[in-house]
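J.: Pasted the sequence and its predicted model underneath.
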Amino acid sequence: MQPLKPFIYSNTTKDSVGRLDKLKVGMQNKNSEYLLLMMDAILQGEENSGNPRKSKLAAIYKVMEDSHYEADGVTYKPNGIDTVQFNSTVKAGEMGVIDINSATTTQEAVDILENAIYVGGDAVNGYNPDTVHELNFEDYCIQNEVPAHLEGTSIFGS
């Protein structure tokens with residue numbers, strides 16, 4: 001099974017202090033989302049099964065899914081959260097890390113995430129720019145396999 005590895009190199013603008021009003025921060029992320037997509041299929045419907053697992057992945061999925069809908073749960077909004085980057089994926093430019101390891105239930109993890117990603121912990125107030133980053137889709141690509149004879153001597157691969 002070939003895992004998909006979305007790769008992004010981009011810049012994001014952050015507020016700064018002092019003489020600099022804005023600061024450009026370089027970011028490089030390489031993510032392996034394929035297994036998470038399979039896990040998503042397994043977790044679908046867990047809440048209504050009568051025996052929900054205490055899963056941090058389920059919490060992440062719930063927050064991402066909820067971010068795509070207004071408070072009524074019906075009206076779709078296009079600026080929901082599409083991708084979550086884990087520490088291991090960020091090769092450069094790590095910022096706004098949210099730690100949900102202390103959560104003992106799925107709902108605790110959801111609460112930690114919502115308090116961190118929304119201003120004041122409420123979706124009505126919008127996203128917290130310190131933890132939610134909007135990146136250009138044009139900066140994404142799929143990492144390609146590097147042929148064996150070029151290992152260590154080539155920068156090709158993305």
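T.: It's in.
J.: Please name the nearest non-neighbouring residue to residue 56.
T.: Computed as C-beta to C-beta, 6 or more residues apart in numbering, the closest residue to residue 56 that is not its neighbour in sequence is residue 109, at 5.0 Å. Where you see a C-beta, it was placed from the backbone N, CA and C, and this is true even at glycine.
J.: Off-centre distance for the helix or strand hosting the one you found?
T.: Element membership of residue 109 [criterion: DSSP states H and E] is helix 106-117. Mean-position distance between helix 106-117 and its chain equals 14 Å (C-alpha atoms, centre = their mean, to the nearest Å).
J.: Does anything pack onto it? Which helices or strands?
T.: Here helix 106-117 touches helix 56-66, going by 3 or more C-beta pairs under 8 Å, 6 or more residues apart in numbering; DSSP states H and E.
J.: mind listing what's buried in the helix it packs on?
T.: 56-64, 66 (16 or more other C-beta atoms under 10 Å).
J.: Check which helices and strands the following helix or strand past it is in contact with.
T.: Helices and strands here follow DSSP H and E; after helix 56-66, the next one along the chain is strand 90-92. Counting contacts by 3+ C-beta pairs under 8 Å, 6+ apart, strand 90-92 packs against strand 22-30.
J.: Hmm, residue 100 is touching residue 109, no?
T.: Yes. Under the contact definition of C-beta atoms under 8 Å, residue 100 touches residue 109, with a separation of 4.5 Å.
J.: Verify the stated contact: residue 70 with residue 77.
T.: Yes. Residue 70 is in contact with residue 77 according to C-beta under 8 Å; the separation is 5.9 Å.
J.: which secondary element of the protein has the worst mean pLDDT?
T.: Within the chain, confidence by mean pLDDT, DSSP states H and E is lowest for helix 34-43 among all helices and strands, at a mean of 61.
J.: ok, now how distant is residue 93 from residue 25?
T.: To residue 25, residue 93 is 5 Å away according to C-beta to C-beta, to the nearest Å.
J.: Would you reformat the buried residues of helix 56-66 as a markdown table and include distance to residue 29 and pLDDT?
T.: Shown next, in a markdown table, are those (distance: C-beta to C-beta, whole Å; pLDDT from 0 to 100):
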| residue | distance to residue 29 | pLDDT |
| --- | --- | --- |
| 56 | 20 | 81 |
| 57 | 19 | 81 |
| 58 | 23 | 81 |
| 59 | 21 | 86 |
| 60 | 16 | 86 |
| 61 | 19 | 82 |
| 62 | 23 | 86 |
| 63 | 19 | 90 |
| 64 | 16 | 89 |
| 66 | 23 | 90 |
